[in-house]
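Engineer: next input, structure requested:
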Amino acid sequence: MLDLHSHPHLGDKASSLPSISWVPWHPRYLLRSFDEKSVPSPSDDRHIAVRSNAGIRFALAPGEQLFIPEGSDATGFQEAAGPDVFFIDVSSAQLVLRVEGDRARQLLASGCGLDLRPARFAVNQFAQTRLGPFAVLIHRSSDNTYEVHVERSLGESLRAWLDSSASSLTGKP
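Structural biologist: Sure, this is the predicted structure:
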C-alpha cells in the first residue's frame, strides 16, 4: 500500500490515490516447446489471460506461455501437457505488484504507451510493455485492479517509481 505518511502534502487527495501492494508469492512456470502447436494459445486472442481450474495462462509468444497454477504445483497440468512441453520454474525470478483503485489506470498510463481505457484494455487482457524504464507484463484482473509482473531484481525500484508517480497524480511536487 502507498505510504501516505511519507506524502503529507497530499492532504485530502491521498484517499483517491491508487493502492499499491505486493501480491503474495505463488509458483509460476514458463511453458516452452519447439513445436508451437504443443503449447497452443489458450484463447483465440493472444492477449487475453485464460483462467481454468488448473490456473491462469498468459500466451507470451508462439510456443511460450506463463502459467500460474491454482494450487501449489503444476504436476497435473504438466502431465496433461505432454512430453514436448518444457516447464521452467520461474517462481523466484518474478514479483507481482497489484495497483488498484479509481486512479490505477491513470497511474499506469502515465508511464506506458498502452491504451488502458476500458474499451481498449478489457478485464483479463494483458500486455508486455515498458512501464517507465521497466519491462513488465500488465494484467487487468478486474475493473480497477491491475497486476504488474516484473523481474525480482527490479521489484523495489518499480515500487519506488510507482509510489513517486502516484504522488505526482495530484499535481503537487
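Engineer: where do the domain boundaries of this protein fall?
Structural biologist: 16-25+93-168, 29-89 (automatic domain parsing).
Engineer: mean pLDDT for these: which is lowest?
Structural biologist: Note on those: lowest mean pLDDT is at domain 29-89, with a mean of 78.
Engineer: would you list the domains of the chain in a markdown table and tack on mean neighbour count?
Structural biologist: For glycine as for every other residue, the C-beta is placed from the backbone atoms N, C-alpha and C. Shown next, in a markdown table, are the domains of the chain (neighbours: other CB atoms under 10 Å):
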| stretch | mean neighbour count |
| --- | --- |
| domain 16-25+93-168 | 17 |
| domain 29-89 | 16 |
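Engineer: quick one: strands adjacent to the longest strand belonging to the chain?
Structural biologist: As assigned by DSSP state E, the longest strand anywhere in the chain is strand 134-142. Applying DSSP bridges to the sheet, strand 134-142 is found paired with strand 126-131 (antiparallel), strand 145-151 (antiparallel).
Engineer: CA atoms of that strand as PDB?
Structural biologist: Only the C-alpha atoms of strand 134-142 are listed here, as PDB (Å, rounded to 0.1, in the frame of the first residue of the first chain):
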ATOM      1  CA  PHE A 134      10.900  -1.300 -16.500                       C
ATOM      2  CA  ALA A 135      10.000  -4.200 -18.800                       C
ATOM      3  CA  VAL A 136       6.700  -5.600 -17.300                       C
ATOM      4  CA  LEU A 137       3.600  -7.600 -18.000                       C
ATOM      5  CA  ILE A 138       0.500  -5.700 -17.100                       C
ATOM      6  CA  HIS A 139      -2.700  -7.800 -16.500                       C
ATOM      7  CA  ARG A 140      -6.000  -6.100 -15.900                       C
ATOM      8  CA  SER A 141      -7.500  -8.600 -13.400                       C
ATOM      9  CA  SER A 142     -10.700  -6.600 -12.600                       C
END
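Engineer: how far off centre is it?
Structural biologist: Offset of strand 134-142 from its chain centre (CA atoms, centre = their mean, to the nearest Å): 3 Å.
Engineer: which strands or helices does the top helix by length along the chain pack on?
Structural biologist: Using DSSP state H, we find that the single longest helix of the chain is helix 155-168. With contacts defined as 3 or more CB pairs under 8 Å, 6 or more residues apart in numbering; DSSP states H and E, helix 155-168 has these neighbours: strand 19-22, strand 94-100, helix 104-109, strand 134-142, strand 145-151.
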